[in-house]
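Chemist: My questions are about this predicted structure, shown below with the sequence.
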Amino acid sequence: MTVRAVWPSQCNFPASAQFPALARKGRVRSATKAELVPHVDTPSAASPAGELVLARYRLQRRLGAGGMGVVYLARDEHLERDVAVKRISIELDPDGRGEREALAAARLSHPGIVALYESGRDEQAVYLVSELVVGRTLADLIRAGDLSDADVLRIGVTLCHALEHAHARGVIHRDVKPSNVICPDRIEEGGGAAKLTDFGIARMADGDVLTRTGDIIGTLAYMAPEQARGQRISGAADVYALGIVLYEGLTGVNPVRAGNPAATARRVGMRLPALQRMRRDLPPDLCRTIDAAVQPDPSARVSVGTLRRALAGAIDEVGDEPGTVAGPHDPRGLTATRRALPNPTRPETSRHLADPTVDPRRVQHARRSEARATRRRGTDATSGGPLERQRLGLAARLAAGIGSGALAGAALAALGPEPPVAISAGACAAALSVALLPRAGWLSMALALATWLSLAQPGAALLVLFAAGPVPLLLARHPATWSAPAIAALLGLAGIAGAWPVLAGQAARWQTRAALGALGGWWLALAETLTSERLLTGVPRDVLARGEWEASALDGMRDALWPLLTGGALALAALFAVAAAILPLLVRGRSAAIDLVGAAAWAATLAAATSALAQALLLSPPRGLVAGAIVAGLAAVAARAVQGRA
């Protein structure tokens with residue numbers, strides 16, 4: 001455990017020595033030109049240990065030093081708690097930047113930002129008192145390989161919240177980088193995965209700037225191009241820096257930093273290599289959003305809120321295994337590979353550490369390469385079981401189990417002859433198997449239902465197989481949603497089947513939205529054929545009654561399945577797929593009024609297209625078309641509003 005004096009200073013953080021030559025030439029003013037003193041456990045000779053400052057804080061030992069001052073561990077004798085005290089000598093701060101730093105920090109109160117308790121001065125120094133955070137910097141964690149992709153995204157979500165808070169109060173950080181982010185060893189109630197520090201060079205939007213006009217201050221490898229040019233900046237500069245931090249956390253390399261300061265300076269303002277080229281295993285939408293955050297043109301960057309939503313939406317889609325990324329020093333145009341550093345606390349690596357002839361990094365790299373290869377085949381080499389053991393969380397497993405149990409119970413009750421087991425027992429067995437093994441359990445459930453139906457109704461069993469078959473292909477990465485298309489049939493029973501694309505449209509990736517929309521439309525048509533209920537448009541005219549074909553698989557193909565395929569079921573599935581895919585483009589959560597207009601236009605277009613499709617295919621008029629459109633529009637706005645608050 002390491003105690004960090006986490007206060008708006010880079011004290012006790014690794015030195016940022018990317019551009020000392022530029023600083024010496026006067027071209028760049030760096031807030032971190034001084035070499036930083038590493039963490040020490042005993043007071044130095046110059047440390048005023050035992051001194052009482054501001055009449056209440058007893059200095060105990062020095063934690064670190066930087067260009068603007070020294071940070072001490074201190075004891076608040078009034079409230080009896082440990083704090084961090086930053087001491088800035090008057091002769092080192094003739095412009096009064098320390099006091100203006102306190103003014104910037106005093107505007108902020110957020111669990112993702114280190115809290116300022118008090119500031120004051122005497123004849124020798126200015127004192128800034130802040131909370132003391134026990135943890136490690138993000139830079140330390142990235143170097144050690146202790147973070148997973150999901151950890152990086154969780155930290156990014158917290159930092160987005162912190163920056164939104166700061167920007168809303170007119171404070172622009174201007175120096176977001178891994179060494180200015182602390183990840184606490186213990187997350188307090190209501191706290192986040194990280195805390196943003198060092199508002200020492202922040203700019204306040206009302207014009208109170210902590211540096212002179214034209215000064216270039218910050219860390220070059222994370223600096224937005226407009227900031228490096230000395231131009232007026234906005235919150236987009238912090239978005240750019242955070243995008244670089246996320247890029248580095250996910251790839252292990254900073255795409256701007258080069259081997260020397262001059263080369264780094266030349267890269268500032270250049271278009272960076274696409275993140276997807278470095279990490280082909282990450283969700284494409286996530287990569288595109290981070291790429292948009294590091295655009296050279298500040299007007300082309302995404303907002304910090306959009307970045308936060310993209311990170312939060314991708315957490316469940318990325319890996320949760322610690323590891324760094326092994327790649328070349330210059331990442332341009334090359335693909336990085338995942339590699340975990342050895343951790344002596346893990347049983348699988350400790351045995352290799354005991355053998356000095358074995359390179360643990362090579363062992364872990366080989367293990368992960370093998371794991372990736374087997375995951376492509378649907379298994380996880382590390383655990384010896386299906387991929388979902390590693391990738392799906394408890395909530396997703398429970399949702400998948402409940403949905404599958406309900407689907408199995410409904411099928412046993414409505415589709416075939418007397419079931420071989422009690423309906424409740426069959427539903428519970430399906431729910432348990434899917435919760436434990438989402439992919440294998442779901443496929444086993446579908447195969448069991450088809451086998452049961454085939455004993456007396458082979459034609460009906462054929463339709464069940466054609467309902468289940470496309471699901472693993474279209475939703476291979478999302479086994480928790482494999483039973484979700486059945487909701488379209490439930491909405492049809494309620495007379496609002498047109499609302500299904502709204503639910504499908506809540507998925508993060510457009511491919512997933514389209515797949516869910518299409519499967520819902522397909523299952524809706526199959527459910528109408530199997531139950532003889534008109535859920536939306538009814539069955540095509542060429543589909544015979546179930547009693548005519550259920551006893552023969554050949555009759556089922558000729559008199560039910562083929563007329564469905566040629567009579568409009570695929571067209572309805574395609575319509576639902578398009579509607580679900582484009583929904584987030586029209587209802588974006590930025591303005592309630594705009595969302596209402598977009599949702600109304602989307603719902604009206606969907607209703608009109610469904611009606612036109614039914615008329616063209618000589619189907620019955622869609623059931624509940626107006627009600628479905630109204631519910632769909634309202635649900636779209638409500639869902640986006642809930643996501644925005646989350």
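Modeler: Structure received.

Chemist: and stretch 219-233, how far apart are its ends?
Modeler: One end of stretch 219-233 sits 15 Å from the other (CA to CA, to the nearest Å).

Chemist: Quick check: the gap between the residue of the chain positioned farthest from its centre and Pro540.
Modeler: Residue farthest from the centre of the chain, counting by CA atoms, centre = their mean, is Glu548 at 50.8 Å. Plainly put, Glu548 is 14 Å away from Pro540 if you go by CB to CB, to the nearest Å. The way it works is simple: take the backbone N, C-alpha and C, and place the C-beta from them, glycine included.

Chemist: Over to Ala274?
Modeler: The gap separating Ala274 from Pro540 is 45 Å, by CB to CB.

Chemist: what about the two, which has more around it?
Modeler: Just comparing Ala274 and Pro540: by other CB atoms under 10 Å the higher neighbour count belongs to Pro540, 21 against 14.

Chemist: now the more buried one, what's its secondary structure?
Modeler: For Pro540, the secondary structure call by DSSP: H, G, I helix; E, B strand; the rest coil comes out as coil.

Chemist: What's the local residue count around the nearest residue to it once chain neighbours are set aside?
Modeler: Leaving aside its sequence neighbours, Pro540 sits nearest to Gly567 (CB to CB, 6 or more residues apart in numbering; 2.9 Å). Neighbour count of Gly567, defined by other CB under 10 Å: 18.

Chemist: contacting residues around Gly567?
Modeler: 539-543, 617, 619 (CB atoms under 8 Å, 6 or more residues apart in numbering).

Chemist: and the lengthiest helix in the chain, what does it pack onto?
Modeler: Criterion DSSP state H: the longest helix present in the chain is helix 592-616. If contacts are counted by 3 or more CB pairs under 8 Å, 6 or more residues apart in numbering; DSSP states H and E, helix 592-616 sits against helix 569-586, helix 625-645.

Chemist: what's the closest of these to Ala312?
Modeler: helix 625-645 (8.7 Å; CB to CB).

Chemist: any idea of the angle the closest one forms with helix 592-616?
Modeler: Angle, helix 625-645 to helix 592-616, by axes from the mean of the first three to the mean of the last three CA atoms, to 10 degrees: 140 degrees.

Chemist: Show me what counts as buried in helix 625-645.
Modeler: 625, 627-637, 639-640 (16 or more other CB atoms under 10 Å).

Chemist: Quick check: of the residues you listed, which lies closest to Ile244?
Modeler: Out of the buried residues of helix 625-645, the member with the shortest distance to Ile244 (by CB to CB) is Arg640, at 29.0 Å.

Chemist: element containing Ala292, please.
Modeler: Element membership for Ala292, per DSSP states H and E: helix 284-293.

Chemist: What residues sit buried inside that helix?
Modeler: 285-287, 289-293.

Chemist: quick one, domains of the protein?
Modeler: For the chain, whose domains are defined here by automatic domain parsing, the residue ranges read 342-388, 475-645.

Chemist: Poorly predicted segments of this protein, please.
Modeler: 1-47, 66-68, 93-98, 100-101, 189-190, 200-218, 323-392, 589-590, 640-646 (pLDDT under 70).

Chemist: For the residue nearest to the spatial centre of it, which three-state class applies?
Modeler: By CA atoms, centre = their mean, the chain has its centre lying nearest to Leu311, at 2.7 Å. Three-state assignment for Leu311 (three-state DSSP): helix.

Chemist: and it, what is it in contact with?
Modeler: 153, 156-157, 160, 246, 286, 289.

Chemist: Closest one of those residues to Pro563?
Modeler: For the contacts of Leu311, the nearest to Pro563 is Leu286 (42.0 Å; CB to CB).

Chemist: Wait, that closest one touches Ala310, no?
Modeler: Yes: between Leu286 and Ala310 there is a contact under CB atoms under 8 Å: 5.8 Å.

Chemist: Excluding chain neighbours, give the residue nearest to Ala489 in space.
Modeler: Ala527 (4.0 Å).

Chemist: gap between the one you found and Val464?
Modeler: Distance from Ala527 to Val464, by CB to CB: 11 Å.

Chemist: more neighbours, the two?
Modeler: The residue with more neighbours, out of Ala527 and Val464, is Ala527; 26 against 23, by other CB under 10 Å.

Chemist: right, and the helix or strand after the helix or strand hosting that one?
Modeler: Using DSSP H and E, Ala527 sits in helix 510-531. Following helix 510-531 in sequence order, the next helix or strand is helix 546-549 (DSSP H and E).

Chemist: And the residue farthest from the centre of the chain, how close does it get to Gly243?
Modeler: From Glu548 to Gly243 the distance is 61 Å (CB to CB).

Chemist: Also Thr531?
Modeler: 51 Å.

Chemist: neighbour count winner among the two?
Modeler: Gly243 (27 against 15).

Chemist: check contacts around the more buried one.
Modeler: Contacts for Gly243 were tallied using CB under 8 Å, 6+ apart; they are 290, 293-294, 301, 307.

Chemist: Tabulate the helices and strands packed on helix 592-616 in a markdown table, adding columns for distance to Leu535.
Modeler: Converted to a markdown table, the helices and strands packed on helix 592-616 look like this (distance: least, CB to CB, whole Å):
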| stretch | distance to Leu535 |
| --- | --- |
| helix 569-586 | 11 |
| helix 625-645 | 11 |
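
Chemist: looking at those, which is closest to Gln60?
Modeler: helix 625-645 (42.6 Å).

Chemist: Keeping just the C-alphas, turn that closest one into PDB.
Modeler: What follows is helix 625-645, C-alpha atoms only, in PDB (Å, rounded to 0.1, in the frame of the first residue of the first chain):
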ATOM      1  CA  LEU A 625     -50.700   0.200 -35.200                       C
ATOM      2  CA  VAL A 626     -51.600   3.600 -33.600                       C
ATOM      3  CA  ALA A 627     -51.200   2.400 -30.000                       C
ATOM      4  CA  GLY A 628     -47.900   0.700 -30.900                       C
ATOM      5  CA  ALA A 629     -46.600   3.900 -32.500                       C
ATOM      6  CA  ILE A 630     -47.600   6.000 -29.500                       C
ATOM      7  CA  VAL A 631     -46.000   3.600 -27.000                       C
ATOM      8  CA  ALA A 632     -42.900   3.300 -29.200                       C
ATOM      9  CA  GLY A 633     -42.400   7.100 -29.400                       C
ATOM     10  CA  LEU A 634     -42.800   7.600 -25.700                       C
ATOM     11  CA  ALA A 635     -40.700   4.600 -24.800                       C
ATOM     12  CA  ALA A 636     -37.900   5.800 -27.000                       C
ATOM     13  CA  VAL A 637     -37.800   9.200 -25.300                       C
ATOM     14  CA  ALA A 638     -38.100   7.700 -21.800                       C
ATOM     15  CA  ALA A 639     -35.300   5.200 -22.500                       C
ATOM     16  CA  ARG A 640     -32.900   7.800 -23.700                       C
ATOM     17  CA  ALA A 641     -33.700  10.000 -20.700                       C
ATOM     18  CA  VAL A 642     -33.100   7.200 -18.300                       C
ATOM     19  CA  GLN A 643     -29.700   6.400 -20.000                       C
ATOM     20  CA  GLY A 644     -28.700  10.100 -19.800                       C
ATOM     21  CA  ARG A 645     -29.400  10.200 -16.000                       C
END
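
Chemist: Can you give me every residue that contacts the nearest residue to Trp510 once chain neighbours are set aside?
Modeler: Counting by CB to CB, 6+ apart, Trp510 lies nearest to Ala581, which is 4.7 Å off, once chain neighbours are set aside. By CB under 8 Å, 6+ apart, the residues touching Ala581 are 505, 510, 513-514, 517.
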